[in-house]
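Asks: With the sequence up front, the predicted model follows.
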Amino acid sequence: MKSPTLQTVIIAVVFAIIAYIVTFVVPASSILVASLVFVSAFLAPLLSSNVSATPSSSSTNKASTSTEDVRTLYVGNLPYRANETSVRELFSAHGSVHSVRLMKDKHTGKRRGFGFVEMAANDLDNAIEALNDTEFQQRTLKVREAKERPERTDDNKQD
């Protein structure tokens, strides 16, 4: 289950405050207040997604994407105890890191020993050269540019 964003929580709290104020201002029945809170639980995530998709935020995302090309690195043979923060620190010494995703087994939740690091394209070669076949927490890393994942169809889907 996905955790709510900060915007969703803030909007839900605002709805709760409005419901609380309505109970004192308007001599309303408890059913009306409960209905208001119930409806607000469905409206808060919808309003939150609309707020995050405002034109100004999407235009700044497009501007930052066009000015800086981001590429993905595959990082293999990671120690199972490594976390996103330690991997980010390691790669940050060699360029601008945008994100780090360490893969986990979907059934056990344990790390699988590999992940992906998104970096600025102009820092990619430097990071590969500096970190490939180097030791990190007693494991020799394998770092290369990630390949595009082929699109999955129903025929090759495994569950």
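Replies: Here it is on my side, so go on.

Asks: and the gap between residue 124 and residue 132?
Replies: 12 Å (CB to CB, to the nearest Å). Backbone N, C-alpha and C define where each C-beta goes, glycine included.

Asks: Of these two, give the one with the bigger neighbour count.
Replies: Set side by side, residue 124 and residue 132 show more neighbours around residue 124, with 22 against 15, by other CB atoms under 10 Å.

Asks: what helix or strand does the more buried one sit in?
Replies: helix 121-131 (DSSP states H and E).

Asks: And the next helix or strand past that helix?
Replies: By DSSP H and E, the next helix or strand past helix 121-131 is strand 135-136.

Asks: ok, back up a step: which residues belonging to the helix holding residue 124 are considered buried?
Replies: Going by neighbour count (16 or more other CB atoms under 10 Å), the buried part of helix 121-131 is 123-124, 127-128, 131.

Asks: Dump those residues to JSON lines, plus distance to residue 39.
Replies: What follows is those, written out as JSON lines (distance: CB to CB, whole Å):
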{"residue": "123", "distance to residue 39": "48"}
{"residue": "124", "distance to residue 39": "48"}
{"residue": "127", "distance to residue 39": "49"}
{"residue": "128", "distance to residue 39": "52"}
{"residue": "131", "distance to residue 39": "52"}
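
Asks: show me where the protein has strands.
Replies: Assigned by DSSP state E, the chain shows strands spanning 70-76, 97-104, 111-120, 135-136, 139-140, 142-145.

Asks: Out of those, the one nearest residue 17 is which?
Replies: strand 97-104 (34.8 Å; CB to CB).

Asks: Quick one: mean pLDDT over that closest one.
Replies: Strand 97-104 carries an average pLDDT of 93.

Asks: now the angle from it to strand 111-120?
Replies: 160 degrees (axes from the mean of the first three to the mean of the last three CA atoms, to 10 degrees).

Asks: Just want the angle from strand 97-104 to helix 121-131.
Replies: Using the same axes, to 10 degrees, strand 97-104 lies at 50 degrees relative to helix 121-131.
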